[in-house]
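>>> this is a predicted model, with the sequence first.
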Amino acid sequence: MRRLLPATALIALLAAPAADAATSLVIKGAGYGHGVGMSQYGAMGFAEHGKGYREILAHYYSRTAIGKLDRTPTVRVLVQSNRSRVTFNGGARAGGRKLDPASTYSATAYGASQVVLRSSSGRKLGTYGAPLRITGAGARPVILTGAGAYRGAFELRPAQFGGLNAINAVSLEDYVRGVVALESPSSWPAEALKAQAVAARTYAITTSKAGAGWEHYPDTRSQMYGGVRAETLSTDRAVAATGNEVVTYDGKPVTTYFFSTSGGRTENVEFGFPGGDPKPWLKSVDDPYDDVSPKHRWRKSLTTAQAAAKLGGLLKGSFREIRVTKRGLSPRIVSAEVVGSRGKTVVSGPTLRARFGLDDSWAYFTVTGAAAASRPRATEGEPGTSATPARAARRGGGVVSGFFRPARRGSTVVVQRRTSAGVWRVEIRTHAGRGGRYRATVARPGVYRALLGDIAGPNVRVR
(Lines give C-alpha, C1' and ligand atoms only; values in the text may rest on other atoms or scores of the structure.)
Protein backbone atom coordinates (compact mmCIF):
# COMPACT_ATOMS: atom_id res chain seq x y z
CA MET A 1 0.00 0.00 0.00
CA ARG A 2 1.27 3.49 -0.88
CA ARG A 3 2.07 5.96 1.84
CA LEU A 4 -0.51 8.58 2.68
CA LEU A 5 -0.36 11.89 0.92
CA PRO A 6 0.50 14.50 3.58
CA ALA A 7 -1.95 17.32 4.05
CA THR A 8 0.64 19.83 2.82
CA ALA A 9 0.94 17.94 -0.45
CA LEU A 10 -2.83 17.97 -0.83
CA ILE A 11 -2.84 21.73 -0.45
CA ALA A 12 -0.11 22.17 -3.02
CA LEU A 13 -2.05 20.15 -5.56
CA LEU A 14 -4.96 22.54 -5.35
CA ALA A 15 -2.91 25.58 -6.39
CA ALA A 16 -5.34 27.96 -4.73
CA PRO A 17 -4.92 31.17 -2.76
CA ALA A 18 -6.73 29.90 0.37
CA ALA A 19 -6.81 26.36 1.79
CA ASP A 20 -7.92 24.26 4.74
CA ALA A 21 -6.67 20.73 5.46
CA ALA A 22 -6.95 17.98 8.06
CA THR A 23 -6.24 14.27 8.55
CA SER A 24 -7.84 11.74 10.92
CA LEU A 25 -8.00 8.08 11.85
CA VAL A 26 -11.44 6.46 11.97
CA ILE A 27 -11.74 3.13 13.80
CA LYS A 28 -14.83 0.97 13.31
CA GLY A 29 -15.23 -2.05 15.52
CA ALA A 30 -17.43 -4.65 17.15
CA GLY A 31 -17.61 -6.35 20.51
CA TYR A 32 -16.30 -5.70 23.99
CA GLY A 33 -13.66 -7.93 25.54
CA HIS A 34 -11.15 -10.50 24.31
CA GLY A 35 -13.68 -12.48 22.27
CA VAL A 36 -12.80 -15.96 23.56
CA GLY A 37 -15.33 -18.35 25.09
CA MET A 38 -18.79 -17.27 26.25
CA SER A 39 -20.25 -13.92 25.29
CA GLN A 40 -22.27 -12.76 28.30
CA TYR A 41 -24.67 -10.66 26.24
CA GLY A 42 -24.95 -13.51 23.75
CA ALA A 43 -25.82 -15.88 26.59
CA MET A 44 -28.48 -13.43 27.75
CA GLY A 45 -29.86 -13.36 24.21
CA PHE A 46 -29.96 -17.16 24.03
CA ALA A 47 -31.80 -17.29 27.37
CA GLU A 48 -34.35 -14.76 26.12
CA HIS A 49 -34.92 -17.07 23.14
CA GLY A 50 -35.72 -20.02 25.40
CA LYS A 51 -32.35 -21.77 25.61
CA GLY A 52 -31.29 -23.42 28.86
CA TYR A 53 -27.93 -22.95 30.51
CA ARG A 54 -26.64 -26.34 29.38
CA GLU A 55 -27.40 -25.48 25.75
CA ILE A 56 -25.80 -22.08 26.16
CA LEU A 57 -22.58 -23.51 27.59
CA ALA A 58 -22.44 -26.26 24.95
CA HIS A 59 -22.71 -23.62 22.23
CA TYR A 60 -19.83 -21.46 23.43
CA TYR A 61 -17.55 -24.25 24.66
CA SER A 62 -17.36 -26.67 21.76
CA ARG A 63 -17.67 -30.41 22.38
CA THR A 64 -17.94 -30.01 26.15
CA ALA A 65 -20.24 -31.55 28.75
CA ILE A 66 -21.39 -30.61 32.24
CA GLY A 67 -19.71 -32.52 35.07
CA LYS A 68 -20.01 -32.29 38.84
CA LEU A 69 -17.24 -31.94 41.41
CA ASP A 70 -17.22 -34.58 44.13
CA ARG A 71 -16.15 -32.02 46.71
CA THR A 72 -16.25 -28.27 47.24
CA PRO A 73 -12.70 -26.89 47.23
CA THR A 74 -11.45 -23.73 48.93
CA VAL A 75 -10.25 -20.82 46.78
CA ARG A 76 -8.04 -17.99 47.95
CA VAL A 77 -8.52 -14.43 46.76
CA LEU A 78 -6.13 -11.52 47.35
CA VAL A 79 -8.60 -8.90 48.61
CA GLN A 80 -6.06 -6.36 49.92
CA SER A 81 -2.38 -6.29 49.04
CA ASN A 82 0.77 -4.81 50.59
CA ARG A 83 -1.09 -2.85 53.28
CA SER A 84 0.86 -1.22 56.08
CA ARG A 85 -2.07 -2.15 58.36
CA VAL A 86 -5.09 -4.43 57.90
CA THR A 87 -8.14 -3.60 60.03
CA PHE A 88 -11.20 -5.83 60.55
CA ASN A 89 -14.18 -6.64 62.75
CA GLY A 90 -16.60 -9.54 62.97
CA GLY A 91 -13.74 -11.89 63.82
CA ALA A 92 -14.34 -14.58 66.49
CA ARG A 93 -10.91 -16.24 66.48
CA ALA A 94 -7.41 -15.35 65.29
CA GLY A 95 -4.49 -17.76 65.54
CA GLY A 96 -6.21 -19.72 68.34
CA ARG A 97 -7.10 -16.56 70.29
CA LYS A 98 -10.74 -15.70 70.97
CA LEU A 99 -11.87 -12.31 69.64
CA ASP A 100 -14.92 -10.15 70.26
CA PRO A 101 -16.84 -9.94 66.93
CA ALA A 102 -18.11 -6.48 67.93
CA SER A 103 -14.59 -5.12 68.35
CA THR A 104 -12.19 -3.84 65.74
CA TYR A 105 -8.67 -5.26 65.45
CA SER A 106 -5.63 -4.47 63.35
CA ALA A 107 -2.66 -6.42 62.09
CA THR A 108 0.77 -5.53 60.72
CA ALA A 109 3.61 -7.52 59.22
CA TYR A 110 6.61 -8.36 61.37
CA GLY A 111 9.52 -9.41 59.25
CA ALA A 112 8.97 -11.83 56.36
CA SER A 113 7.05 -14.52 58.21
CA GLN A 114 5.15 -13.12 61.19
CA VAL A 115 2.04 -11.01 61.87
CA VAL A 116 1.36 -8.78 64.88
CA LEU A 117 -2.25 -8.53 66.09
CA ARG A 118 -3.43 -5.46 68.03
CA SER A 119 -6.61 -4.32 69.74
CA SER A 120 -8.57 -1.25 68.68
CA SER A 121 -6.56 0.79 71.20
CA GLY A 122 -3.29 -0.41 69.67
CA ARG A 123 -2.41 -2.84 72.47
CA LYS A 124 -0.33 -5.74 71.22
CA LEU A 125 -2.23 -9.03 71.55
CA GLY A 126 0.34 -11.36 70.10
CA THR A 127 2.80 -12.22 67.33
CA TYR A 128 1.89 -15.14 65.11
CA GLY A 129 3.54 -17.12 62.39
CA ALA A 130 2.03 -16.48 58.97
CA PRO A 131 -0.58 -16.99 57.90
CA LEU A 132 -2.64 -15.54 60.73
CA ARG A 133 -6.08 -17.05 60.16
CA ILE A 134 -9.16 -15.04 61.18
CA THR A 135 -12.61 -16.61 61.29
CA GLY A 136 -16.06 -15.25 62.10
CA ALA A 137 -18.65 -16.58 64.54
CA GLY A 138 -20.34 -19.54 62.89
CA ALA A 139 -21.30 -18.61 59.34
CA ARG A 140 -21.04 -14.87 59.97
CA PRO A 141 -18.71 -12.98 57.65
CA VAL A 142 -15.58 -11.11 58.61
CA ILE A 143 -15.67 -7.41 57.70
CA LEU A 144 -12.45 -6.05 56.25
CA THR A 145 -12.16 -2.26 56.58
CA GLY A 146 -12.14 -0.67 53.13
CA ALA A 147 -13.31 -3.85 51.37
CA GLY A 148 -16.51 -5.17 52.96
CA ALA A 149 -17.88 -8.44 54.36
CA TYR A 150 -16.58 -11.82 53.22
CA ARG A 151 -17.59 -15.38 54.00
CA GLY A 152 -15.02 -17.99 54.97
CA ALA A 153 -11.81 -16.85 56.64
CA PHE A 154 -9.06 -14.32 56.16
CA GLU A 155 -5.43 -15.33 56.06
CA LEU A 156 -2.94 -12.54 56.70
CA ARG A 157 0.55 -12.90 55.24
CA PRO A 158 3.52 -10.52 54.96
CA ALA A 159 3.76 -9.19 51.42
CA GLN A 160 6.86 -9.15 49.27
CA PHE A 161 7.56 -5.45 49.83
CA GLY A 162 7.03 -5.23 53.58
CA GLY A 163 3.26 -4.75 53.87
CA LEU A 164 0.53 -7.25 54.64
CA ASN A 165 -1.72 -9.24 52.29
CA ALA A 166 -5.32 -10.02 53.28
CA ILE A 167 -6.41 -13.25 51.56
CA ASN A 168 -10.00 -14.49 51.64
CA ALA A 169 -10.03 -18.30 51.96
CA VAL A 170 -13.57 -19.18 50.95
CA SER A 171 -15.47 -22.22 49.70
CA LEU A 172 -15.87 -22.38 45.93
CA GLU A 173 -19.66 -22.06 46.14
CA ASP A 174 -19.54 -18.96 48.34
CA TYR A 175 -16.86 -17.51 46.06
CA VAL A 176 -19.11 -17.96 43.02
CA ARG A 177 -21.97 -16.26 44.91
CA GLY A 178 -19.70 -13.21 45.16
CA VAL A 179 -18.84 -13.34 41.46
CA VAL A 180 -21.98 -13.88 39.39
CA ALA A 181 -23.81 -10.58 39.98
CA LEU A 182 -20.63 -8.59 39.28
CA GLU A 183 -20.11 -10.41 35.99
CA SER A 184 -23.73 -10.54 34.75
CA PRO A 185 -26.56 -8.21 35.87
CA SER A 186 -28.81 -9.92 38.43
CA SER A 187 -31.86 -8.85 36.42
CA TRP A 188 -30.89 -11.09 33.50
CA PRO A 189 -32.82 -14.32 32.73
CA ALA A 190 -32.21 -17.19 35.14
CA GLU A 191 -30.68 -19.45 32.49
CA ALA A 192 -28.08 -16.82 31.58
CA LEU A 193 -27.18 -16.46 35.28
CA LYS A 194 -26.86 -20.22 35.62
CA ALA A 195 -24.52 -20.31 32.60
CA GLN A 196 -22.47 -17.56 34.23
CA ALA A 197 -22.33 -19.47 37.52
CA VAL A 198 -21.01 -22.64 35.87
CA ALA A 199 -18.49 -20.70 33.77
CA ALA A 200 -17.26 -18.73 36.81
CA ARG A 201 -16.98 -21.88 38.93
CA THR A 202 -15.03 -23.71 36.24
CA TYR A 203 -12.74 -20.76 35.58
CA ALA A 204 -11.95 -20.51 39.30
CA ILE A 205 -10.69 -24.10 39.60
CA THR A 206 -8.80 -24.17 36.28
CA THR A 207 -6.83 -20.92 36.58
CA SER A 208 -4.41 -19.52 39.12
CA LYS A 209 -2.28 -16.40 39.37
CA ALA A 210 -0.02 -18.42 41.74
CA GLY A 211 0.68 -15.75 44.34
CA ALA A 212 2.14 -16.47 47.77
CA GLY A 213 -0.81 -18.19 49.47
CA TRP A 214 -3.47 -17.08 46.98
CA GLU A 215 -4.73 -17.95 43.47
CA HIS A 216 -7.05 -15.16 42.37
CA TYR A 217 -7.44 -11.39 42.20
CA PRO A 218 -10.86 -9.85 43.01
CA ASP A 219 -11.01 -8.06 39.65
CA THR A 220 -10.70 -8.58 35.88
CA ARG A 221 -7.21 -10.00 36.26
CA SER A 222 -9.12 -13.08 37.44
CA GLN A 223 -12.86 -12.39 37.67
CA MET A 224 -14.87 -9.81 39.54
CA TYR A 225 -15.48 -10.79 43.17
CA GLY A 226 -17.16 -8.69 45.84
CA GLY A 227 -17.92 -11.05 48.70
CA VAL A 228 -21.23 -10.67 50.55
CA ARG A 229 -22.03 -7.23 49.10
CA ALA A 230 -22.21 -8.77 45.59
CA GLU A 231 -24.74 -11.47 46.49
CA THR A 232 -28.33 -11.17 45.25
CA LEU A 233 -31.37 -13.42 45.47
CA SER A 234 -31.45 -14.22 41.75
CA THR A 235 -27.73 -14.95 41.43
CA ASP A 236 -27.69 -17.00 44.63
CA ARG A 237 -30.48 -19.12 43.13
CA ALA A 238 -28.42 -19.60 39.96
CA VAL A 239 -25.42 -20.76 42.00
CA ALA A 240 -27.54 -23.12 44.10
CA ALA A 241 -29.31 -24.58 41.05
CA THR A 242 -25.97 -25.47 39.47
CA GLY A 243 -24.13 -26.47 42.66
CA ASN A 244 -20.65 -27.90 41.99
CA GLU A 245 -21.33 -28.14 38.22
CA VAL A 246 -18.41 -27.40 35.88
CA VAL A 247 -17.68 -27.47 32.16
CA THR A 248 -15.64 -30.52 31.13
CA TYR A 249 -13.84 -31.67 28.01
CA ASP A 250 -12.83 -35.31 27.81
CA GLY A 251 -14.06 -35.69 31.38
CA LYS A 252 -11.86 -32.94 32.88
CA PRO A 253 -12.72 -29.35 33.85
CA VAL A 254 -11.34 -26.86 31.31
CA THR A 255 -10.64 -23.13 31.31
CA THR A 256 -13.86 -21.28 30.54
CA TYR A 257 -12.99 -17.80 29.33
CA PHE A 258 -15.92 -15.42 29.12
CA PHE A 259 -16.37 -11.77 28.18
CA SER A 260 -19.04 -9.15 27.55
CA THR A 261 -19.85 -8.83 23.84
CA SER A 262 -18.76 -10.80 20.76
CA GLY A 263 -19.96 -8.50 17.99
CA GLY A 264 -21.65 -11.51 16.36
CA ARG A 265 -18.90 -14.12 16.49
CA THR A 266 -16.47 -15.39 19.12
CA GLU A 267 -12.80 -16.11 18.40
CA ASN A 268 -10.41 -19.05 18.51
CA VAL A 269 -8.27 -18.78 21.64
CA GLU A 270 -5.00 -18.75 19.66
CA PHE A 271 -6.23 -15.69 17.75
CA GLY A 272 -7.89 -13.92 20.68
CA PHE A 273 -4.70 -14.37 22.70
CA PRO A 274 -2.02 -14.36 19.97
CA GLY A 275 0.75 -16.81 20.73
CA GLY A 276 -1.46 -19.10 22.80
CA ASP A 277 -2.09 -22.75 22.03
CA PRO A 278 -5.28 -23.85 20.24
CA LYS A 279 -7.89 -25.53 22.45
CA PRO A 280 -10.66 -27.72 20.99
CA TRP A 281 -13.33 -26.24 23.28
CA LEU A 282 -12.36 -22.60 22.62
CA LYS A 283 -13.30 -22.28 18.96
CA SER A 284 -14.93 -19.44 17.05
CA VAL A 285 -18.72 -19.78 16.94
CA ASP A 286 -21.57 -17.72 15.57
CA ASP A 287 -23.30 -15.56 18.19
CA PRO A 288 -26.72 -14.67 16.77
CA TYR A 289 -28.25 -12.83 19.74
CA ASP A 290 -25.28 -10.72 20.80
CA ASP A 291 -26.76 -7.65 19.11
CA VAL A 292 -28.68 -6.87 22.32
CA SER A 293 -25.41 -5.42 23.63
CA PRO A 294 -24.79 -1.66 23.39
CA LYS A 295 -21.22 -2.57 22.38
CA HIS A 296 -22.25 -4.78 19.46
CA ARG A 297 -20.94 -2.08 17.09
CA TRP A 298 -18.88 1.01 17.88
CA ARG A 299 -16.54 3.55 16.34
CA LYS A 300 -13.88 6.01 17.37
CA SER A 301 -12.24 8.95 15.59
CA LEU A 302 -8.89 10.59 16.35
CA THR A 303 -6.71 13.14 14.67
CA THR A 304 -3.52 11.66 13.30
CA ALA A 305 -1.61 13.64 15.93
CA GLN A 306 -3.65 11.94 18.66
CA ALA A 307 -3.07 8.56 17.03
CA ALA A 308 0.68 9.17 16.90
CA ALA A 309 0.72 10.08 20.60
CA LYS A 310 -1.01 6.83 21.54
CA LEU A 311 1.49 4.83 19.50
CA GLY A 312 4.55 6.32 21.19
CA GLY A 313 7.45 3.86 21.14
CA LEU A 314 5.88 1.85 18.30
CA LEU A 315 5.79 4.59 15.69
CA LYS A 316 8.82 5.23 13.49
CA GLY A 317 8.66 8.75 12.13
CA SER A 318 5.31 10.41 11.46
CA PHE A 319 2.09 8.38 11.45
CA ARG A 320 0.92 6.94 8.14
CA GLU A 321 -1.47 4.03 8.76
CA ILE A 322 -2.36 0.81 10.57
CA ARG A 323 -1.99 -2.10 8.16
CA VAL A 324 -3.67 -5.33 9.32
CA THR A 325 -1.72 -8.40 8.20
CA LYS A 326 -3.71 -11.22 9.84
CA ARG A 327 -7.19 -11.60 11.25
CA GLY A 328 -8.82 -14.42 13.15
CA LEU A 329 -12.15 -16.00 12.30
CA SER A 330 -14.31 -13.35 13.96
CA PRO A 331 -12.38 -11.30 12.46
CA ARG A 332 -10.36 -9.91 15.36
CA ILE A 333 -6.88 -8.63 14.60
CA VAL A 334 -4.11 -11.15 15.20
CA SER A 335 -1.22 -9.06 13.85
CA ALA A 336 -0.77 -5.69 12.18
CA GLU A 337 1.84 -3.13 11.25
CA VAL A 338 2.11 0.40 12.58
CA VAL A 339 3.39 2.22 9.50
CA GLY A 340 5.35 5.43 9.87
CA SER A 341 7.38 7.60 7.53
CA ARG A 342 10.57 5.85 8.70
CA GLY A 343 9.43 2.24 8.80
CA LYS A 344 6.95 -0.13 10.36
CA THR A 345 6.51 -2.01 13.64
CA VAL A 346 4.71 -5.36 13.97
CA VAL A 347 2.09 -5.42 16.75
CA SER A 348 -0.68 -7.72 17.94
CA GLY A 349 -4.38 -6.98 17.99
CA PRO A 350 -4.49 -6.82 21.81
CA THR A 351 -1.62 -4.29 21.73
CA LEU A 352 -3.57 -2.02 19.37
CA ARG A 353 -6.63 -2.42 21.54
CA ALA A 354 -4.69 -1.33 24.61
CA ARG A 355 -2.90 1.57 22.93
CA PHE A 356 -6.05 3.08 21.41
CA GLY A 357 -8.31 2.21 24.36
CA LEU A 358 -10.62 0.16 22.12
CA ASP A 359 -13.46 -2.02 23.34
CA ASP A 360 -12.20 -4.98 21.31
CA SER A 361 -9.58 -6.01 18.77
CA TRP A 362 -12.30 -6.55 16.14
CA ALA A 363 -11.43 -3.28 14.45
CA TYR A 364 -10.93 -1.67 11.05
CA PHE A 365 -8.68 1.36 10.61
CA THR A 366 -9.22 4.01 7.95
CA VAL A 367 -6.88 6.97 7.60
CA THR A 368 -8.50 9.86 5.79
CA GLY A 369 -7.33 13.31 4.82
CA ALA A 370 -9.05 16.28 3.25
CA ALA A 371 -8.08 19.67 1.92
CA ALA A 372 -10.13 22.55 0.57
CA ALA A 373 -9.12 25.51 -1.54
CA SER A 374 -11.19 28.45 -2.64
CA ARG A 375 -11.32 30.01 -6.08
CA PRO A 376 -10.96 33.79 -6.08
CA ARG A 377 -14.25 35.58 -6.52
CA ALA A 378 -14.45 37.75 -9.63
CA THR A 379 -15.20 41.44 -9.06
CA GLU A 380 -16.45 44.17 -11.35
CA GLY A 381 -13.75 45.69 -13.47
CA GLU A 382 -11.31 42.74 -13.35
CA PRO A 383 -9.89 41.86 -16.77
CA GLY A 384 -11.79 39.08 -18.47
CA THR A 385 -14.71 39.09 -16.06
CA SER A 386 -18.28 40.09 -16.37
CA ALA A 387 -19.45 43.27 -14.77
CA THR A 388 -22.66 41.47 -13.80
CA PRO A 389 -22.77 40.70 -10.05
CA ALA A 390 -24.71 37.46 -10.58
CA ARG A 391 -22.04 36.07 -12.92
CA ALA A 392 -19.31 37.23 -10.54
CA ALA A 393 -20.88 35.21 -7.69
CA ARG A 394 -20.74 32.06 -9.78
CA ARG A 395 -16.96 32.34 -9.83
CA GLY A 396 -16.83 31.49 -6.06
CA GLY A 397 -16.64 27.99 -4.55
CA GLY A 398 -13.55 25.88 -4.83
CA VAL A 399 -12.15 22.35 -4.68
CA VAL A 400 -12.40 19.67 -1.99
CA SER A 401 -9.89 16.83 -2.29
CA GLY A 402 -8.38 14.14 -0.13
CA PHE A 403 -8.05 10.39 0.36
CA PHE A 404 -9.41 7.34 2.17
CA ARG A 405 -7.04 4.49 2.88
CA PRO A 406 -7.74 1.72 2.37
CA ALA A 407 -10.31 2.30 -0.40
CA ARG A 408 -11.13 0.44 -3.58
CA ARG A 409 -10.51 2.31 -6.77
CA GLY A 410 -13.83 3.46 -8.22
CA SER A 411 -15.62 3.52 -4.85
CA THR A 412 -18.22 6.27 -4.58
CA VAL A 413 -17.20 9.26 -2.47
CA VAL A 414 -20.03 11.54 -1.39
CA VAL A 415 -19.10 15.18 -0.68
CA GLN A 416 -21.47 16.94 1.73
CA ARG A 417 -21.87 20.54 2.85
CA ARG A 418 -23.08 21.57 6.30
CA THR A 419 -26.09 23.91 6.23
CA SER A 420 -26.59 26.83 8.58
CA ALA A 421 -28.89 24.54 10.60
CA GLY A 422 -26.04 22.05 11.08
CA VAL A 423 -27.48 19.44 8.71
CA TRP A 424 -25.21 17.70 6.20
CA ARG A 425 -26.50 17.85 2.59
CA VAL A 426 -25.09 16.04 -0.43
CA GLU A 427 -23.28 18.50 -2.66
CA ILE A 428 -21.68 16.21 -5.23
CA ARG A 429 -20.62 12.60 -5.82
CA THR A 430 -17.25 11.51 -7.16
CA HIS A 431 -15.09 8.38 -7.13
CA ALA A 432 -11.92 7.28 -5.41
CA GLY A 433 -8.94 6.90 -7.66
CA ARG A 434 -5.51 5.41 -7.15
CA GLY A 435 -4.47 5.41 -3.50
CA GLY A 436 -8.04 6.24 -2.46
CA ARG A 437 -7.71 9.85 -3.64
CA TYR A 438 -10.70 11.94 -4.68
CA ARG A 439 -11.27 15.47 -5.95
CA ALA A 440 -14.49 17.43 -6.34
CA THR A 441 -15.33 20.96 -7.47
CA VAL A 442 -17.92 22.70 -5.31
CA ALA A 443 -19.92 25.76 -6.28
CA ARG A 444 -20.05 27.73 -3.04
CA PRO A 445 -18.19 28.38 0.20
CA GLY A 446 -18.93 26.46 3.37
CA VAL A 447 -17.86 23.53 5.57
CA TYR A 448 -17.49 20.26 3.69
CA ARG A 449 -16.75 16.62 4.39
CA ALA A 450 -16.44 13.48 2.29
CA LEU A 451 -17.92 10.06 3.02
CA LEU A 452 -16.79 6.64 1.88
CA GLY A 453 -19.69 4.44 2.89
CA ASP A 454 -20.31 5.43 6.51
CA ILE A 455 -16.75 6.63 7.11
CA ALA A 456 -16.61 10.42 7.28
CA GLY A 457 -13.43 12.32 6.54
CA PRO A 458 -12.44 15.44 8.47
CA ASN A 459 -14.31 18.70 8.01
CA VAL A 460 -12.69 21.37 5.81
CA ARG A 461 -13.81 24.85 4.86
CA VAL A 462 -14.07 26.44 1.43
CA ARG A 463 -13.92 30.20 1.99
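Arrived safely, thanks for sending.

>>> can you tell me the centre-most residue of the chain?
In the chain, the residue lying closest to the centroid (CA atoms, centre = their mean) is D359, at 3.5 Å.

>>> grab the nearest non-local neighbour of it.
Y32 (4.3 Å; CB to CB, 6 or more residues apart in numbering). Every residue, glycine included, has its C-beta placed from N, CA and C.

>>> quick one: that neighbour from A58, how far?
Distance, Y32 to A58, by CB to CB, to the nearest Å: 23 Å.

>>> which one's more surrounded, these two?
Y32 (24 against 17; other CB atoms under 10 Å).

>>> tell me the pLDDT of the more buried one.
Per-residue pLDDT puts Y32 at 98.

>>> equivalent analysis for T412, please.
98.

>>> that one: how many residues sit nearby?
By other CB under 10 Å, the residues close to T412 number 12.

>>> ok, R76 next?
Neighbours of R76 using other CB under 10 Å come to 20.

>>> wait, what's in contact with it?
155, 167-170, 213-216 (CB atoms under 8 Å, 6 or more residues apart in numbering).

>>> wait, what's in contact with the residue nearest to the centre of the chain?
29, 31-33, 261, 295, 298, 353.

>>> quick revisit: just the buried members of the contacts of R76?
Neighbour counting over the contacts of R76 (16 or more other CB atoms under 10 Å) leaves 155, 167-170, 214-216 as the buried ones.

>>> mind checking which of those residues are in helices?
Among these, DSSP state H puts none in helices.

>>> give me the phi and psi for the residue nearest to the centre of the chain.
With angles defined as degrees, to the nearest 10, D359 sits at phi -70, psi -30.

>>> the chain should start at 9 in everything you say after this.
In the new numbering, first residue 9, that becomes D367.

>>> got a pLDDT number for it?
On the pLDDT scale, D367 is placed at 98.

>>> could you do L18 as well?
42.

>>> quick one: residues contacting R159.
147, 149, 178-179, 182, 185-186, 235-236.

>>> one step back: could you export the buried ones among the contacts of R84 as a markdown table, including pLDDT and distance to T353?
Converted to a markdown table, those look like this (pLDDT from 0 to 100; distance: CB to CB, whole Å):
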| residue | pLDDT | distance to T353 |
| --- | --- | --- |
| E163 | 98 | 45 |
| I175 | 98 | 40 |
| N176 | 98 | 42 |
| A177 | 98 | 45 |
| V178 | 98 | 44 |
| W222 | 96 | 37 |
| E223 | 96 | 36 |
| H224 | 97 | 34 |
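
>>> so which two of those are the farthest from each other?
Between any two of the buried ones among the contacts of R84, the greatest separation by CB to CB is 13.4 Å, found for E163 and H224.

>>> follow-up on the earlier one: where's the residue nearest to the centre of the chain relative to H42, distance?
11 Å.

>>> could you do A246 as well?
Relative to H42, A246 is positioned 24 Å away (CB to CB).

>>> quick one, which of these two is more surrounded?
Neighbour count, other CB under 10 Å: between A246 and H42, A246 has more, with 29 against 21.

>>> which residues touch that one?
If you count contacts by CB under 8 Å, 6+ apart, A246 has them with 188, 198, 201-202, 204-205.

>>> re earlier: please produce CSV containing the buried ones among the contacts of R84, extended by distance to P193.
Converted to CSV, the buried ones among the contacts of R84 look like this (distance: CB to CB, whole Å):
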residue, distance to P193
E163, 32
I175, 28
N176, 24
A177, 28
V178, 23
W222, 28
E223, 26
H224, 22
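
>>> end to end on stretch 89-101, go ahead and measure it.
22 Å (CA to CA, to the nearest Å).

>>> what's next to it, contact-wise?
With CB under 8 Å, 6+ apart as the test, stretch 89-101 has contacts from 88, 106-107, 109-116, 142-146, 148-154, 157, 162, 164, 167-174.

>>> what's the answer for stretch 35-42, then?
Applying CB under 8 Å, 6+ apart, the contact partners of stretch 35-42 are 47, 265, 267-272, 275, 280-281, 298, 301, 303-310, 338, 340, 358, 364, 366-374, 463.

>>> remind me which residues of this protein are low pLDDT?
9-28, 385-403 (pLDDT under 70).

>>> buried residues in the lengthiest helix in the chain?
The single longest helix within the chain, with elements called by DSSP H, is helix 198-214. By neighbour count on 16+ other CB under 10 Å, the buried set for helix 198-214 is 199-213.

>>> any idea which of the residues you listed is closest to K132?
Among the buried residues of helix 198-214, and counting by CB to CB, the member closest to K132 is A212, at 36.9 Å.

>>> OK, contacts around the spatially closest residue to F266 that is not a sequence neighbour?
Distances taken as CB to CB, 6+ apart put M46 closest to F266, at 4.1 Å, once the chain neighbours are dropped. M46 makes contacts with 64-65, 68-69, 203, 207, 264-267, 274, as judged by CB under 8 Å, 6+ apart.

>>> could those residues go into TSV alongside secondary structure and distance to R457?
Shown next, in TSV, are the contacts of M46 (DSSP: H, G, I helix; E, B strand; the rest coil; distance: CB to CB, whole Å):
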residue	secondary structure	distance to R457
I64	helix	44
L65	helix	47
Y68	helix	41
Y69	coil	45
A203	helix	45
A207	helix	45
T264	coil	46
Y265	coil	41
F266	strand	40
F267	strand	35
T274	coil	36
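
>>> between the residues you listed, which is nearest V470?
F267 (46.0 Å).

>>> could you give the bridge partners of that closest one?
Counting by DSSP bridges, F267 is bridged to S47.

>>> correct me if wrong: it contacts G50.
No: using CB atoms under 8 Å as the test, F267 is too far from G50 to be in contact (9.7 Å).

>>> and stretch 110-130, what's buried?
113-117, 123-126.

>>> so what secondary structure elements neighbour the helix or strand encompassing G186?
For G186, the host element (DSSP states H and E) is helix 180-191. Applying 3 or more CB pairs under 8 Å, 6 or more residues apart in numbering; DSSP states H and E, one finds that helix 180-191 contacts strand 82-91, helix 198-214, helix 241-249.

>>> which residues touch that helix?
So helix 180-191 is contacted by 48, 77, 80-83, 85, 158-160, 178, 194, 201, 204-205, 208-209, 212-213, 231-236, 238-240, 242-244, 246-247, 251-252, 266 (CB under 8 Å, 6+ apart).

>>> what comes up buried for stretch 161-169?
Neighbour-count burial for stretch 161-169 [16+ other CB under 10 Å]: 161-167.

>>> alright, I will stop here.
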